[in-house]
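> Have a look; sequence and predicted model below, questions after that.
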Amino acid sequence: MDYSFTVHTLAWRDGEVLLREVREAVFMREQGVSAELEWDGLDESCVHVLAINKNGCAVASGRITPQGKIGRMAVLPEWRGKQVGSAVLEALLNVARSRKLVHVELAAQTQVTGFYERHGFKKVGEIFMDAGIPHIMMQRTISPANTAET
């Protein structure tokens, strides 16, 4: 299988159909998150990142709020371990840099904290439940483009 993909930064209105496909597959069908929790009303104010395969199918997504909270990171099962999640996260960090944000944060599902730690995030606080899934807050300092990350 060809695992080539492209990453696109876009507004909700420009990618809603494909963004919904990924999130419904991962969060709602795979993980059992309810529609009421998944569709939280924040999507229109966020910048979204969408990974698309060579056939035009969405394979991963993520978003960042104006305040710098990264969320809704989702990768279809067959695309996990193929660097697509890293590419989506890096694109979201680039959005944060372009907005001159100093810090970003996210609520990581505990089984994927290692992924975020490899990208410079540090755990803060205690484990908590969200949609019946254990999470922990993680934060990262953002440096301006072309300088070292901390």
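Perfect, thanks for sending it. Residues are numbered from 1 along each chain as shown.
> doesn't I127 fall inside a helix?
No: assessed with DSSP: H, G, I helix; E, B strand; the rest coil, I127 is strand; it does not lie in a helix.
> contacting residues for it?
When contacts are counted by CB atoms under 8 Å, 6 or more residues apart in numbering, I127 touches 110, 134-136. Heads up, the C-betas are built off the backbone N, CA and C, glycines and all.
> Please name the nearest non-neighbouring residue to I133.
Leaving aside its sequence neighbours, I133 sits nearest to Q109 (CB to CB, 6 or more residues apart in numbering; 5.5 Å).
> er, E38 I mean
Per CB to CB, 6+ apart, closest to E38 is F27, 5.3 Å.
> still on that earlier bit, what's opposite the residue nearest to I133 in the beta bridge?
Beta bridges link Q109 to H135 when assigned by DSSP bridges.
> Count the residues that sit near it.
Q109: 17 surrounding residues under other CB atoms under 10 Å.
> again with A35
Neighbours of A35 (other CB under 10 Å): 9.
> In contact with it, which residues?
Counting by CB under 8 Å, 6+ apart, A35 makes contact with M28.
> measure it to M137 for me?
24 Å (CB to CB, to the nearest Å).
> do the same with T65
Using CB to CB, one gets 14 Å for the distance from T65 to M137.
> same thing with Y116?
From Y116 to M137 the distance is 11 Å (CB to CB).
> So which of those two has more stuff around it?
Legend: neighbour count by other CB under 10 Å for Y116 and M137, higher for Y116 (22 against 17).
> Look at the more buried one and give its secondary structure.
The three-state assignment at Y116 reads helix, by three-state DSSP.
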